[in-house]
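In: 3D model of this:
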Amino acid sequence: MRVWLEPNDDPKKKLKFAWRVAQLKNEAWVGIDTGIPNRLVKEALLSKSIFEFADYATIQPKQKYGKNSRVDFLLTHTEQCNTYVEVKNVHLWRGDDWAEFPDTVTARGLKHLGVLGDMVEAGHRAVLLYCAQHTACARFRLAADLDLAYADACALASKRGVEILCFGCNISPYAITLGRAMPIFPTILNRS
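Out: Model (predicted):
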């Protein structure tokens, strides 16, 4: 695969270069930087380009909620309930056009699902937003074979009222931007 590195002159950083994107043999682009999804979602929230969140007046990143947790974004509006948005980076691709999450067992992700469900039960809105940094992907599903507990917890969170969204990314060596919404494999909502 071909990789693109970005020079880094920050003395606080350990390495002189940061790996940003890769191009696979099938010509697909993959975003490597796991911090990108939160930046992309923040830009989209501020520009009101995500339809589901266009009505919110205030966007606050990294807000405390639940017990010892921080949500990626808290959206507020005087006429609507608070909305808690948790963003997950997705770059697992094992074939066809599926983006999958998680790529390994994720205790932290499991915890987030429970806290988001608690927010819904407290009268708020909670959204889990997957951001797929892989241009070969057009659909999203859970990798239940890699973390069955997470897949089951995601189904439970959905039943509790947590909304689940997935967006793709447009990726090149020059820019990464939030792409369009991806269909989500329905068994996320139907697991027992």
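In: what packs against the longest helix along the chain?
Out: As assigned by DSSP state H, the longest helix anywhere in the chain is helix 107-121. Packed against helix 107-121 by the contact rule (3 or more C-beta pairs under 8 Å, 6 or more residues apart in numbering; DSSP states H and E) you find strand 69-77, strand 80-90, strand 125-132, helix 148-160. Bear in mind the C-beta positions are built from the backbone N, C-alpha and C, glycine included.
In: deepest-packed of these, please.
Out: When these are scored by mean count of other C-beta atoms under 10 Å, the highest mean neighbour count falls to strand 125-132 (a mean of 24).
In: partner strands of that strand, parallel or antiparallel?
Out: Here strand 125-132 is paired, per DSSP bridges, with strand 80-90 (parallel), strand 163-171 (parallel).
In: how about those strands in CSV, adding mean pLDDT and distance to residue 135?
Out: As requested, the strands paired with strand 125-132 are exported to CSV (pLDDT from 0 to 100; distance: least, C-beta to C-beta, whole Å):
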stretch, mean pLDDT, distance to residue 135
strand 80-90, 95, 12
strand 163-171, 97, 5
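In: can you put those strands in JSON lines and add distance to residue 33?
Out: Output for those, formatted as JSON lines (distance: least, C-beta to C-beta, whole Å):
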{"stretch": "strand 80-90", "distance to residue 33": "9"}
{"stretch": "strand 163-171", "distance to residue 33": "11"}
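In: nearest to residue 100, of those strands?
Out: strand 80-90 (7.1 Å; C-beta to C-beta).
In: how about low-confidence regions in this protein?
Out: Residue ranges of the chain with pLDDT under 70: 186-192.
In: centroid-wise, who is the farthest residue in the chain?
Out: What lies farthest from the middle of the chain is residue 11; by C-alpha atoms, centre = their mean that is 29.8 Å.
In: you'd agree that one is in a helix?
Out: No - under DSSP: H, G, I helix; E, B strand; the rest coil, residue 11 falls outside any helix and is assigned coil.
In: quick one on the thing from earlier: tabulate the helices and strands packed on helix 107-121 (TSV), appending distance to residue 23.
Out: Shown next, in TSV, are these (distance: least, C-beta to C-beta, whole Å):
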stretch	distance to residue 23
strand 69-77	28
strand 80-90	18
strand 125-132	16
helix 148-160	29
